[in-house]
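K.L.:
what follows is a protein structure lacking sequence information:
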């Protein structure tokens, strides 16, 4: 009788020769490409926080940690605990770390401490794209997308925050009284009880949210007083009412300001599916899908980002050495329309802006159309510009689709505008790295273009 002929399964077999990590993955895998890219980037800022005298416990190599985070974000992994698990179980992650196992606390601390340095790699990756012939700037499409904050619920009003602050303080007083009864008024416990210690940071966030509401209320009241003074002066000069609510009408506009105590910098954002608590992520995308500029804002409108993003596009294009130092046409939707901002963009450089003049529904412009609006309407009516503007959505929307759907980035992991901005730049960096990797996978060894 002939026996089975199977490959042997010998898990206790020791290696007879030293294994090479180079044999674990094919040469064209993304992990190798990320390592090659990091080797080409200027990573000096990552080392600035470390001692140069050799003292202290050995730290994980900063360039390796940067490559680990870039690869994790490029593959849709953002949880430090899941990244730690992958470093033990996923071959690609073990290649990145050279078989080392940083724990989740180390990964999280590195991401927070080196956030600015990691975000600063955006321009370096853009230079790599330029050397590979990517980032064509004949057309650049600008748009924003709303991304949820790492919050615990919707925003709260000033009375709600005041009530929660009072409840926490009352509970703290009750804990103090109980400790006095247990230890005596002149003695203390070894440390703060865990229940109260956890509330200290929450109380600080609640107070910050309450401070922001008070600040915004004061600014709104000052602005309303200034508008009322202007109206009164104008009416005194003309003898006619210029607008606003009729005095004594009894109607008033109720203004409710809300802040989220988990992330006070976040704001309610309107989306196609309703409202979410989060941020407004901006991206300017070239024709080939490369993100040439990115930013994050806490405002629920886009027009305030038109001038900063146009300046960032010009600056990044020149610094990265993209195909053209200034893009030919910048395409934006009607949400970016603001006559003053449009005029400011067009006075600097030779950038041609295409943005439909936006008008609130139900309102009509009295008298002759403003010159800026009329000029933009005429520009968009030109056949060539109509054809250019038709490419806006198919240029920028797929990028948001890849980030949100393919890579699952729909919520920030960090809190605060500055931290979330750094995380958004990290997402955009890894988007460009994936573009560059796909463009390079035709070679037998996924090498970067020569300097």
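P.N.:
Received the coordinates, thanks. Keep in mind that this is a model prediction, so the values were computed, not measured.
K.L.:
let me see the contact set for residue 37.
P.N.:
For residue 37, the contact set (Cβ atoms under 8 Å, 6 or more residues apart in numbering) comprises 70, 125, 128, 433, 436, 448. From N, CA and C alone the C-beta is placed, and that goes for glycine too.
K.L.:
what kind of secondary structure is the second one in?
P.N.:
The one in question is residue 125. At residue 125 the chain is in helix, as set by DSSP: H, G, I helix; E, B strand; the rest coil.
K.L.:
what score does it have for pLDDT?
P.N.:
According to the prediction, residue 125 has pLDDT 94.
K.L.:
ok, it to residue 141 distance?
P.N.:
19 Å (Cβ to Cβ, to the nearest Å).
K.L.:
could I get the full set of strands for the stretch 351-451 of the chain?
P.N.:
Ranges of strands in the stretch 351-451 of the chain, per DSSP state E, counting those that start in this stretch, are 352-354.
K.L.:
ok, now the stretch 51-200 of the chain?
P.N.:
Along the stretch 51-200 of the chain, counting by DSSP E, counting those that start in this stretch, strands occupy 139-148.
K.L.:
what about the stretch 351-451 of the chain, any weak spots by pLDDT?
P.N.:
359-369, 442-451 (pLDDT under 70).
K.L.:
which stretches in it count as helices?
P.N.:
Using DSSP state H, counting those that start in this stretch, the helices of the stretch 351-451 of the chain run over 371-381, 383-389, 392-401, 417-440.
K.L.:
can you tell me which of these is nearest to residue 320?
P.N.:
helix 417-440 (10.5 Å; Cβ to Cβ).
K.L.:
for this protein, what helix or strand is lowest in average pLDDT?
P.N.:
helix 158-183 (a mean of 61; mean pLDDT, DSSP states H and E).
K.L.:
please parse the protein into its domains.
P.N.:
With domains defined by automatic domain parsing, the chain comprises 21-119, 135-151+268-425, 158-238.
K.L.:
dump those to a markdown table, plus distance to residue 440.
P.N.:
Listed next are those as a markdown table, based on distance: least, Cβ to Cβ, whole Å:
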| stretch | distance to residue 440 |
| --- | --- |
| domain 21-119 | 7 |
| domain 135-151+268-425 | 14 |
| domain 158-238 | 45 |
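K.L.:
among those domains, which is nearest residue 12?
P.N.:
Ranking the domains of the chain by their distance to residue 12 (criterion: Cβ to Cβ) puts domain 21-119 first, at 19.8 Å.
K.L.:
run the chain-centre distance for stretch 407-421.
P.N.:
In terms of Cα atoms, centre = their mean, to the nearest Å, the centre of stretch 407-421 is found 6 Å from the chain centre.
K.L.:
swap in stretch 84-101?
P.N.:
26 Å.
K.L.:
for it, buried residues please.
P.N.:
For stretch 84-101, a neighbour-count test (16 or more other Cβ atoms under 10 Å) marks 84, 86, 87, 90, 92, 93, 94, 95, 96, 97 as buried.
K.L.:
and the gap between the fourth one and residue 68?
P.N.:
With the distance defined as Cβ to Cβ, residue 90 ends up 11 Å from residue 68.
K.L.:
joint contacts of the two?
P.N.:
Common neighbours of residue 90 and residue 68 are not found (criterion: Cβ under 8 Å, 6+ apart).
K.L.:
packing partners for the longest strand belonging to the chain?
P.N.:
Looking across the chain with DSSP state E, the single longest strand is strand 274-286. Under the contact definition 3 or more Cβ pairs under 8 Å, 6 or more residues apart in numbering; DSSP states H and E, strand 274-286 sits against strand 139-148, strand 267-271, strand 291-297, helix 306-320, helix 392-401, helix 417-440.
K.L.:
which one, of the ones you listed, ends up nearest to residue 29?
P.N.:
That would be helix 417-440 among the helices and strands packed on strand 274-286, by Cβ to Cβ, at 9.2 Å.
K.L.:
same list (the helices of the stretch 351-451 of the chain) but as JSON lines, adding mean neighbour count and distance to residue 355.
P.N.:
Listed next are those as JSON lines, based on neighbours: other Cβ atoms under 10 Å; distance: least, Cβ to Cβ, whole Å:
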{"stretch": "helix 371-381", "mean neighbour count": "14", "distance to residue 355": "7"}
{"stretch": "helix 383-389", "mean neighbour count": "13", "distance to residue 355": "9"}
{"stretch": "helix 392-401", "mean neighbour count": "17", "distance to residue 355": "9"}
{"stretch": "helix 417-440", "mean neighbour count": "21", "distance to residue 355": "22"}
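K.L.:
a markdown table for the ones you listed, including distance to residue 322?
P.N.:
Output for the helices of the stretch 351-451 of the chain, formatted as a markdown table (distance: least, Cβ to Cβ, whole Å):
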| stretch | distance to residue 322 |
| --- | --- |
| helix 371-381 | 25 |
| helix 383-389 | 19 |
| helix 392-401 | 16 |
| helix 417-440 | 12 |
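K.L.:
nearest to residue 291, of those?
P.N.:
Per Cβ to Cβ, nearest to residue 291 of these: helix 417-440, 4.6 Å.
K.L.:
could you list every helix and strand in contact with the closest one?
P.N.:
If you count contacts as 3+ Cβ pairs under 8 Å, 6+ apart, helix 417-440 packs onto helix 30-40, helix 62-74, helix 115-119, helix 121-131, strand 274-286, strand 291-297.
K.L.:
re the thing from before, between strand 139-148 and the longest strand of the chain, find me the angle.
P.N.:
If you take axes from the mean of the first three to the mean of the last three Cα atoms, to 10 degrees, strand 274-286 sits at 150 degrees to strand 139-148.
K.L.:
what average pLDDT does strand 274-286 get?
P.N.:
Mean predicted lDDT for strand 274-286 stands at 91.
K.L.:
quick check: buried residues in that strand?
P.N.:
The neighbour-count criterion (16+ other Cβ under 10 Å) identifies 276, 277, 278, 279, 280, 281, 282, 283, 284, 285, 286 as the buried residues of strand 274-286.
K.L.:
for the second one, list each beta-bridge partner.
P.N.:
Residue 277 has the following beta-bridge partners by DSSP bridges: residue 268.
K.L.:
that one contacts residue 151, doesn't it?
P.N.:
Yes - using Cβ atoms under 8 Å, residue 277 is in contact with residue 151, at 4.9 Å.
K.L.:
can you pull the contacts of residue 403?
P.N.:
Shown in contact with residue 403 (Cβ under 8 Å, 6+ apart): 409, 427, 431.
K.L.:
doesn't residue 275 make contact with residue 146?
P.N.:
No - counting by Cβ under 8 Å, residue 146 stays clear of residue 275, with 9.2 Å between them.
K.L.:
identify the contacts common to the two.
P.N.:
Residues touching both residue 146 and residue 275 (Cβ under 8 Å, 6+ apart): residue 269.
K.L.:
now do the contacts for residue 285.
P.N.:
Counted by Cβ under 8 Å, 6+ apart, residue 285 has contacts 140, 141, 142, 143, 291, 292, 395, 396, 399.
K.L.:
once you drop chain neighbours, what's closest to the last one?
P.N.:
The one in question is residue 399. Distances taken as Cβ to Cβ, 6 or more residues apart in numbering place residue 285 nearest to residue 399, at 5.1 Å, with adjacent residues excluded.
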